[in-house]
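1. Next one to model:
(chains A, B, C and D)
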2 protein chains.
Amino acid sequence: MHGANGTGSRRRVRNGGSVAVPINFGPLAHWVGFNLRMAQEAAFQAFSRRSQDIGESPGRFATLTLIARNPGISQTELSQANGRDKSSLTPVVEDLVRRGLVERKRMDSDRRTYSLNLTPAGKKVLTMMTRCARRHERNLDHVIGERDRKRFIQILKRIAAELE
Amino acid sequence: MHGANGTGSRRRVRNGGSVAVPINFGPLAHWVGFNLRMAQEAAFQAFSRRSQDIGESPGRFATLTLIARNPGISQTELSQANGRDKSSLTPVVEDLVRRGLVERKRMDSDRRTYSLNLTPAGKKVLTMMTRCARRHERNLDHVIGERDRKRFIQILKRIAAELE
DNA sequence: AGCGTATAGTTTGGTATCAAACTAAGTAAG
DNA sequence: CTTACTTAGTTTGATACCAAACTATACGCT
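-> Numbers count the residues shown, from 1 in each chain, chains lettered A, B, ... in the order given. Prediction:
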């Protein structure tokens, strides 16, 4: 029976006090999927805390960077590069345009597609976010260790690429 | 100006055909946060495809495993082990109980907390999901490579732990 | 030109999640 | 015992996302 107690409190008396029984993660402990999720969540939360100092949501950061680096990019290209469905992008771009960070015009060659560009205000915001992200990355680097960093990122890229 | 063209099509003529200009990821390419997100998303989607064959959502899998390994666990403990807010767990547990996979009773020692256990039906479902997850993991292992696997998971764990 | 198909972006409907407010039960200090 | 604080779980309101249906262009074939 694995020493399990299916009923009653999951606390044990130890050192004269009631102490929480440590969680048994079973196979989750050495499976990639679970640990990947936990790490991603933690990193996201940490970046979220940082970026709310400058009043921007973390999701906006990759979007702005991709527009800056690929001037005139379309929404579909952007959504693919960003790993999100194109429909998720509609409200995001709407918001960025409304706040004057992104400019969007129809393309002459194809009147269906939009052409996205950062405005000067958008560039300014991106600069601040990038500073913020660099601090976050330095922190992550510290946790990972300079020695393994490169290989670690390569593995992440392979996972993203080879699982479609 | 980085050779950028802020307006017009992001396509170039090459080999007599119009070819998509590759995306420039800028600093995102070598930052951990972005690649972590993309990898996690890909792994999740892949597992999602697999697990829908047996008609279960991937989110249920960690939940069932943790209940199986920690009989009598409370919802708060479970939500923490699973890295989710306790309020997210309410509808999940409701659903699992309704479908007869989980049994939930009030604890005698503390009438506020629930004590969760798998039913026989729950154990059966978990067995199927575990088989499915093992296949998924084998696939991931293949992408990562046996040599780096252990260290990779260790780094993920450190990120989750040290960023809170 | 006219028809069928493909593509860019939006809309709609549903799910998962969090955070804060809330309820009910436990605990500690007087 | 009573009051104040803490804790387990639920409710509520908001956000982010996806998938499928939709609209409007565009393209290809005859």
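
2. any idea of the mean pLDDT in stretch A:28-44?
-> If you average the pLDDT over stretch A:28-44, you get 96.

3. So that stretch, near DNA strand D or not?
-> No: judged by C-beta under 7 Å from any atom of the strand, stretch A:28-44 stays clear of DNA strand D, getting no closer than 9.5 Å. Any C-beta I mention is one placed from the backbone N, CA and C, and that applies to glycine too.

4. And stretch A:103-114, by the same measure?
-> Yes: where contact is defined by C-beta under 7 Å from any atom of the strand, part of stretch A:103-114 touches DNA strand D, namely A:110-112.

5. quick one: which of these is most hemmed in?
-> A:D110 (12 neighbours; other C-beta atoms under 10 Å in any protein chain shown).

6. does that one count as helix, strand or coil?
-> With DSSP: H, G, I helix; E, B strand; the rest coil as the basis, A:D110 sits in coil.

7. Not counting its neighbours along the chain, what's nearest the spatially most central residue of chain A?
-> Compute the mean C-alpha point of chain A, and by C-alpha atoms, centre = their mean the closest residue is A:F44, 5.2 Å away. What sits nearest to A:F44 in space, not counting adjacent residues and going by C-beta to C-beta, 6 or more residues apart in numbering or on different chains, is A:P58, at 6.6 Å.

8. give me every residue that touches the one you found.
-> Contact partners of A:P58, counting by C-beta atoms under 8 Å, 6 or more residues apart in numbering or on different chains, are A:44, A:47-48, A:51.

9. Return the subset of those residues lying in helices.
-> The subset of those located in helices under the criterion DSSP state H comprises A:44, A:47-48, A:51.

10. Could you identify the buried members of those?
-> Listed as buried from those are A:44, A:47, A:51; burial here means 16 or more other C-beta atoms under 10 Å in any protein chain shown.

11. wait, which of these is closest to A:L156?
-> Closest approach between these and A:L156, by C-beta to C-beta: A:F44, at 14.3 Å.

12. Once you drop chain neighbours, what's closest to A:M129?
-> Nearest residue to A:M129, sequence neighbours excluded (C-beta to C-beta, 6+ apart): A:F61, at 5.0 Å.

13. picking that back up, can I get the residues of stretch A:103-114 next to DNA strand D in JSON lines including distance to chain B and pLDDT?
-> Compiled in JSON lines, the residues of stretch A:103-114 next to DNA strand D are given as follows (distance: C-beta to the nearest C-beta, whole Å; pLDDT from 0 to 100):
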{"residue": "A:D110", "distance to chain B": "8", "pLDDT": "94"}
{"residue": "A:R111", "distance to chain B": "12", "pLDDT": "94"}
{"residue": "A:R112", "distance to chain B": "12", "pLDDT": "96"}
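
14. Dump those residues to TSV, plus distance to B:S79.
-> Compiled in TSV, the residues of stretch A:103-114 next to DNA strand D are given as follows (distance: C-beta to C-beta, whole Å):
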residue	distance to B:S79
A:D110	48
A:R111	49
A:R112	45
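
15. can you pull out the helices in chain A?
-> Using DSSP H, the helices found in chain A span residues A:32-51, A:58-69, A:75-81, A:86-98, A:120-144, A:146-162.

16. near DNA strand C, anything from the second one?
-> No: for helix A:58-69, no contact with DNA strand C is found by C-beta under 7 Å from any atom of the strand; the gap never falls below 12.0 Å.

17. So that helix, near DNA strand D or not?
-> Yes: applying C-beta under 7 Å from any atom of the strand, one finds that helix A:58-69 is in contact with DNA strand D at A:G59.

18. Could I get the buried residue list for that helix?
-> A:58, A:60-69.

19. Which of the residues in stretch A:152-164 are classified as buried?
-> Here stretch A:152-164 shows A:152-153, A:155-156, A:159-160, A:163 as buried, counting by 16+ other C-beta under 10 Å.
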